[in-house]
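[1] Whatever this is, show me its structure:
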Amino acid sequence: MSTAVEESLAPTRATAGLAKALESSGQLRQRRFELLPMRGSVYTDVQGRGPGPSTSPEGLADLITSISAVGVLHPVLVEELPGPEGRVQRRLVIGERRYRACRWGAVNQPDNPRFERLPAVICPGPISDEDRRTWQLVENLAREDLQPGELANALLLERSAILRTQLDNAGIEVSEDIQRLEDPVARFEALEKLRGSDANLAAPWNLVLRRLGLQITSRRAREVVAAFRTLPRELSADMDQHQVALAARTNLARLSRGRREAATELWQAVKRLGRTDLLSAATRAQATNPQMPAETAATTAVTAHEQANAERAATLSRSTAQEGENEHEDSTEPADGETQDPAATSSAEPAAPTGHAGPQGPDTPDSEQVLSADEWDETPEPVDPPVLAAALDGLRGLNAQLAEGRSLHRFDAGSLRMLLTDLQRHTSAGAERTAA
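    Okay, the predicted model is just below:
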């Protein structure tokens, strides 16, 4: 992998699913862990990227700094191959940047012990292309923060690996040029062209997801890949950096079909305003008027968002003020020496005995019952933790979708506002009781 900071090894459902694929491979099943000395223990071929910025000392600077401080946290993959005179040679399969960074450190920082040895998983070779892709997916899918672009990349690589196996079994030759393709879209499309219309050689989505152990539907997988194939590759990578949700990417992909530059222009416009969270809103604005410039669409989205926030704040302020007035009226009692208006007394409902429900008018909600002194002194029973956890998860999910630009029906929005008002009243009352 090519990130400067090594990825977490926390287990996920995806890596649990890939464990089956690892155990089904004769080579990967025999893997073992070793610390390899940096001098003369392994050789490497260029892995899809020729010498250039990503493998130069300047391009490896962040990775070298990270390794010098904490070491290599994720082992590389090495295969053992027969060499001359019966000797075993070790060839690097995955982890070229980690290997080059450690080799640079061993030469230029010889006193740093973290550059002395390279953590490696070693397997008997030759490792097949499918096994190599499987190990790459183990590394990538072990990350908890996998973004839609990264997920699409993993899905296409696994689907290509399945398709490659199907073609091999059918006796259809896959050229070296196709095998060397690193772009997952180009690789899959080249393999699909070899497959032609033979449905028996296809790589079905249910098999892809089962092998990866991903708990998503085939439809969701197709949406992820469709957005990835439509948008420019560098744009998908940039969106991954900004953690743009799949829904926003899908909307942008639909808008930009046939004119890929439109997607990039709109994305750059919301980035310049520092509001990548409003990409969906800007996409909708431009969808209503395809001739609208990207800058105008982004500005329109920001203006609409600010207006909506102002309206919500004003509505909440009015609701809070009204509640304060109602609570003040309900809590007002006659002062010493004052007499209550007989007409008001005669027209009022008789008070219900303590502990029994009395008749309630439209302005007397159930939650505003008068409590006895003994009831106030008792500690209220806490809310069930599962109920609270489910409510918080639901609200966070709803807030995330609203932030993406999704909309609520006006009746649903009204119901939500009423519920939030009730929650505010209940939580405020609870805080007052706790303070008392």
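
[2] What strand or helix carries residue 77?
    Using DSSP states H and E, residue 77 sits in strand 76-82.

[3] How about that strand, which residues are buried there?
    76, 77, 78, 79, 80 (16 or more other CB atoms under 10 Å). To be clear about C-beta, it is placed using only N, CA and C from the backbone, and glycine gets the same treatment.

[4] do the same with stretch 300-308
    Residues 300, 301, 302, 304, 305 are the ones in stretch 300-308 that count as buried (16+ other CB under 10 Å).

[5] Low-confidence ranges, the chain, go.
    Residue ranges of the chain with pLDDT under 70: 1-24, 40-57, 137-146, 213, 258, 323-380, 410-411, 429-436.

[6] which residues of it fall in strands?
    32-37, 43-44, 76-82, 88-94, 117-124 (DSSP state E).

[7] so can I have CSV of those showing distance to residue 414?
    As requested, these are exported to CSV (distance: least, CB to CB, whole Å):
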stretch, distance to residue 414
strand 32-37, 60
strand 43-44, 63
strand 76-82, 57
strand 88-94, 55
strand 117-124, 57
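
[8] follow-up on the earlier one: tell me what the strand holding residue 77 is packed against?
    Strand 76-82 makes packing contacts with strand 88-94, strand 117-124 when contacts are defined by 3 or more CB pairs under 8 Å, 6 or more residues apart in numbering; DSSP states H and E.

[9] give me that answer again for 10 Å
    Other elements packing on strand 76-82 under the criterion 3 or more CB pairs under 10 Å, 6 or more residues apart in numbering; DSSP states H and E are strand 32-37, strand 43-44, strand 88-94, helix 96-108, strand 117-124, helix 129-141.

[10] just the angle between that strand and strand 32-37, please?
    Going by axes from the mean of the first three to the mean of the last three CA atoms, to 10 degrees, strand 76-82 is angled at 90 degrees with respect to strand 32-37.

[11] what sits up against strand 76-82?
    In this structure, residues lying in contact with strand 76-82 by CB atoms under 10 Å, 6 or more residues apart in numbering are 27-28, 30-31, 34, 36, 41-44, 88-99, 102, 118-127, 131-132, 135-136, 138-139.

[12] 8 Å instead?
    Strand 76-82 is touched from outside by 27, 36, 42, 88-95, 98-99, 118-127, 132, 135, with contacts defined as CB atoms under 8 Å, 6 or more residues apart in numbering.

[13] Then stretch 153-160?
    Contacts of stretch 153-160 with the rest of the structure, by CB under 8 Å, 6+ apart, involve 133-134, 136-137, 140-141, 146, 184-185, 187-188, 191, 203, 205, 208, 211-212, 221, 224-225, 228.

[14] how about the CA coordinates for it, as CSV?
    Presented in CSV, the C-alpha positions along stretch 153-160 are these (Å, rounded to 0.1, in the frame of the first residue of the first chain):
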residue,chain,number,x,y,z
ASN,A,153,-11.2,-0.5,-6.3
ALA,A,154,-11.3,-3.6,-4.1
LEU,A,155,-14.5,-4.8,-5.6
LEU,A,156,-13.2,-4.5,-9.2
LEU,A,157,-9.9,-6.2,-8.3
GLU,A,158,-11.6,-9.1,-6.7
ARG,A,159,-14.1,-9.4,-9.6
SER,A,160,-11.1,-9.3,-12.0
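
[15] Much appreciated, bye for now.
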